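Asks: Sequence and predicted structure below; questions after.
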Amino acid sequence: AQRVTQPEKLLSVFKGAPVELKCNYSYSGSPELFWYVQYSRQRLQLLLRHISRESIKGFTADLNKGETSFHLKKPFAQEEDSAMYYCALSGGSGGYQKVTFGTGTKLQVIP
Amino acid sequence: KAGVTQTPRYLIKTRGQQVTLSCSPISGHRSVSWYQQTPGQGLQFLFEYFSETQRNKGNFPGRFSGRQFSNSRSEMNVSTLELGDSALYLCASSQTGYRGNIQYFGAGTRLSVL
């Protein structure tokens, strides 16, 4: 079974403060992990995925297989970062997608 | 390219009825996945289709079914609706549906069961 845990429902930080959104996973194979974001009144969209090892909008996420974590980090929060963030794991049989999402963390950046 | 299109955007049904939701993927995408989103459970995977074949399914009762047509458009059907089926149903498309593929989401269909 595959599972994704996001322990915080709401994370409030001040503008300019560092941000860390936590994500832990459970999966028996080699995971494909993503962060998706949903801004107010917009569709759910990809923020970043671990295989790309890239920084998007200042966000980074490192896969830690030992701790089974994929935390999302940003050194300096901006007001426009306020949104709902979902960690997702793509598993499934035959190499096909069966995506499990965490319950999401609402990030609130206080001006 | 046009994005993922879901119709209708809103639906109101009563218990016991059935409902069909539609999803048109991004042109060239052959994989379509369906999710149920509720405040309590978050996003839950329903099933994934590729080339008219269901390849993976989540833990939902048999009342939830789907299909995919040769043009990759997909429909989801829920029979014998229950109050607990009230949710936002999201469709996502990707190129091949293989693990690691980026998914592109539609705006969703909000179903209310009275």
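Replies: Happy to help now that I have it. Numbers count the residues shown, from 1 in each chain, chains lettered A, B, ... in the order given.
Asks: any idea which helix or strand comes after the host helix or strand of A:L47?
Replies: Per DSSP states H and E, A:L47 falls inside strand A:45-49. Downstream of strand A:45-49, the first helix or strand assigned by DSSP H and E is strand A:60-61.
Asks: What is the helix or strand following that following strand packed up against?
Replies: Once the chain leaves strand A:60-61, the next helix or strand it forms, by DSSP H and E, is strand A:72-74. When contacts are defined as 3 or more Cβ pairs under 8 Å, 6 or more residues apart in numbering or on different chains; DSSP states H and E, strand A:72-74 sits against strand A:19-21, strand A:60-61. From N, CA and C alone the C-beta is placed, and that goes for glycine too.
Asks: what residues does strand A:72-74 touch?
Replies: Here strand A:72-74 makes contact (Cβ atoms under 8 Å, 6 or more residues apart in numbering or on different chains) with A:18-21, A:23, A:35, A:47, A:57-61, A:81, A:85, A:87.
Asks: re the thing from before, least confident of the helices and strands packed on strand A:72-74, on average?
Replies: In terms of mean pLDDT, the lowest-scoring of those is strand A:60-61 (a mean of 94).
Asks: Okay, now the sheet partners of that one, with direction.
Replies: Here strand A:60-61 is paired, per DSSP bridges, with strand A:72-74 (antiparallel).
Asks: circling back: out of the contacts of strand A:72-74, which end up buried?
Replies: A:19, A:21, A:23, A:35, A:47, A:59, A:61, A:81, A:85, A:87 (16 or more other Cβ atoms under 10 Å in any protein chain shown).
Asks: Could you name the helices and strands sitting against the strand holding A:L47?
Replies: On a contact count with 3+ Cβ pairs under 8 Å, 6+ apart, strand A:45-49 meets strand A:32-38, strand B:104-105.
Asks: With adjacent residues omitted, what lies nearest to B:R55?
Replies: Among residues not flanking B:R55 along the chain, A:Y96 sits closest, at 4.4 Å (Cβ to Cβ, 6 or more residues apart in numbering or on different chains).
Asks: All the strands of chain B, residue numbers only.
Replies: For chain B, the strands defined by DSSP state E cover B:5-7, B:10-13, B:19-24, B:31-38, B:42-50, B:53-57, B:64-68, B:74-78, B:87-94, B:104-105, B:109-113.
Asks: Contacts for the third one next, please.
Replies: To tie it back to what came earlier, the one meant is strand B:19-24. Residues outside strand B:19-24 that contact it (Cβ under 8 Å, 6+ apart) are B:4-8, B:11, B:13, B:32, B:34, B:73-78, B:81, B:89, B:91, B:93, B:106, B:109, B:111.
Asks: With distance to B:F60 added, can I get the helices and strands packed on strand A:72-74 in a markdown table?
Replies: Listed next are these as a markdown table, based on distance: least, Cβ to Cβ, whole Å:
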| stretch | distance to B:F60 |
| --- | --- |
| strand A:19-21 | 28 |
| strand A:60-61 | 29 |
